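> the following comprises the amino acid sequence and a computationally predicted model.
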There are 2 protein chains.
Amino acid sequence: MTEKQDKILSSALELFANEGFNATSTNQIAKKAGVSEGLIFKHFKNKKGLLDALYVQVEGKLGAGFTQIIFETDPKKVLKITIESPFMIPHEDYDFWRLQFKLKWESDYYNPEKMQPLIDKLAWAFEELNYETPEMEAKLLEQMIETIMVAILRQGKESQLAYKDFLLKKYEL
Amino acid sequence: MTEKQDKILSSALELFANEGFNATSTNQIAKKAGVSEGLIFKHFKNKKGLLDALYVQVEGKLGAGFTQIIFETDPKKVLKITIESPFMIPHEDYDFWRLQFKLKWESDYYNPEKMQPLIDKLAWAFEELNYETPEMEAKLLEQMIETIMVAILRQGKESQLAYKDFLLKKYEL
DNA sequence: TATATTTGTAAGTGATTACTCACTTTTTAT
DNA sequence: ATAAAAAGTGAGTAATCACTTACAAATATA
């Protein structure tokens, strides 16, 4: 990945995440990246190719975020890390996640199974802690985490801090 | 509101909700509505005017959905109705709600205070039921309901039915 | 050093975009 | 019945769109 390729991708990410895919023109991306418009098509074939390249990156980040939780062996810690995870996202990754959630509404890219590894681990944790319906509890917590992430991306971490404490207390962590 | 104005709006709603605002052309809308393209601009000034008109309708539906909950005096019933509400949405209203959630990601239309009346009523209900932190419980339930609605809009009611029972049991309803 | 390949540009391309305008038809008010 | 207003049309507009192409500069390979 050359310097200019990287600049094109990061510019596209910023614009797609904040303005939307269709609302962003390749001309805008080229200007922001400081390259000629043609270069975008040399490297990424077409506009959708840009989105595809970004999507691979987003999926990578998602997987990386999971690993810590997946390899944790203490069920209480699994829940704790999960609840705290939305608050650990560095600010420079916000565009990544904004794009991820926006893509949820673009049918081509929506894939609910992406979260399955996390849900499975949470279900295991709830089972260890003798909850009655661990799968349901897992799905519920996963959905709540997702909702908190969305709220953080829109209103900032501070707006959701009380939630963290509330959830930690609710699950006796 | 004339018949053609109505046809234009309903066509725009369907297209905006499913294809997105920027991905929908005024030409498409006119064809779907069976009117000339010029008429759109006579009635709604510009493309954004269409979205504004739809937004008013969406806000109306939102308010209407609240009224039953707001006027309920039994706290347990307030929670029950709230939890059941996403499952009561008629299928023909799905486009409305899809647009509503899509607009959440457009800064111009995002207004988190819209849900406040519901949250206030839920907080009152939790207080009546002697929950420790009623405001927090209210926000949490509201967020869960929102998440369930999103899931229903994407995957259908059936996919979320188990949730309803789970939540009703959780709150002892 | 010569040559092939990759990286990059700038000026295009036709298609599509939101929107306008001159005009006709229909409805409303007197 | 008649005039004014509103509803509706359809061809046209400049601008913008994603994308191509011809060519130059830089880099890698021999």
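Right, received. Where do you want to start?

> which residues of chain A lie near DNA strand C?
A:2-5, A:34-39, A:42-43 (CB under 7 Å from any atom of the strand). The C-beta positions use only the backbone N, C-alpha and C, and glycine is treated the same way.

> closest to DNA strand D among these?
A:G38 (3.5 Å; CB to the nearest atom of the strand).

> which stretches of chain A have low pLDDT?
A:107 (pLDDT under 70).

> middle-most residue in it, spatially?
Using CA atoms, centre = their mean, the residue of chain A that lies closest to the mean C-alpha position is A:W97, 4.1 Å off.

> and for the helix or strand that contains that residue, what's in contact with it?
Taking DSSP states H and E as the criterion, A:W97 maps to helix A:94-103. The contact list for helix A:94-103, computed with CB atoms under 8 Å, 6 or more residues apart in numbering or on different chains, reads A:13-14, A:16-18, A:20-21, A:54-55, A:57-58, A:61-62, A:89, A:109-110, A:149-150, A:153, B:105.

> which of these are buried?
A:13-14, A:16-18, A:20-21, A:54-55, A:58, A:62, A:89, A:109, A:149-150, A:153, B:105 (16 or more other CB atoms under 10 Å in any protein chain shown).

> and the residue of chain A found nearest DNA strand C, how many residues sit next to it?
As assessed by CB to the nearest atom of the strand, DNA strand C sits closest to A:G38 within chain A, at 2.7 Å. When neighbours are defined as other CB atoms under 10 Å in any protein chain shown, A:G38 has 10 of them.

> quick check: the gap between it and A:K114.
For A:G38, the distance to A:K114 (CB to CB, to the nearest Å) stands at 34 Å.

> and if you look at A:A23?
25 Å.

> could you do A:A125 as well?
Counting by CB to CB, the gap from A:A125 to A:K114 is 19 Å.

> quick check on the two: which one has the bigger neighbour count.
The residue with more neighbours, out of A:A125 and A:K114, is A:A125; 25 against 14, by other CB under 10 Å.

> quick one: the more buried one and A:P75 touch, right?
Yes - A:A125 lies in contact with A:P75 (CB atoms under 8 Å); the separation is 3.8 Å.

> so what's A:I89 up against?
A:I89 neighbours (CB under 8 Å, 6+ apart): A:97, A:149, A:152.

> switch to 6 Å and redo it
The contact partners of A:I89, by CB atoms under 6 Å, 6 or more residues apart in numbering or on different chains, come to none.

> check which element follows the helix holding A:W97 along the chain.
Past helix A:94-103, the next helix or strand by DSSP H and E is helix A:116-128.

> buried residues in the helix or strand following that next one?
Proceeding N to C from helix A:116-128, the next assigned helix or strand is helix A:134-155, under DSSP H and E. Residues of helix A:134-155 classed as buried by neighbour count (16+ other CB under 10 Å): A:134-154.

> which helix or strand lies directly C-terminal to helix A:134-155?
helix A:161-170.

> so does that next one get close to chain B?
Yes - judged by CB under 6 Å from any CB of the partner chain, helix A:161-170 and chain B are in contact via A:F166.

> tell me the buried residues in that helix?
Under 16+ other CB under 10 Å, the buried positions of helix A:161-170 are A:163-164, A:166-167.

> what do you get for stretch A:44-54?
Buried residues in stretch A:44-54 (16+ other CB under 10 Å): A:44, A:47, A:50-51, A:53-54.

> can you redo these as a markdown table with secondary structure and distance to DNA strand D?
Shown next, in a markdown table, are the buried residues of stretch A:44-54 (DSSP: H, G, I helix; E, B strand; the rest coil; distance: CB to the nearest atom of the strand, whole Å):
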| residue | secondary structure | distance to DNA strand D |
| --- | --- | --- |
| A:F44 | helix | 8 |
| A:K47 | helix | 3 |
| A:L50 | helix | 8 |
| A:L51 | helix | 10 |
| A:A53 | helix | 13 |
| A:L54 | helix | 14 |
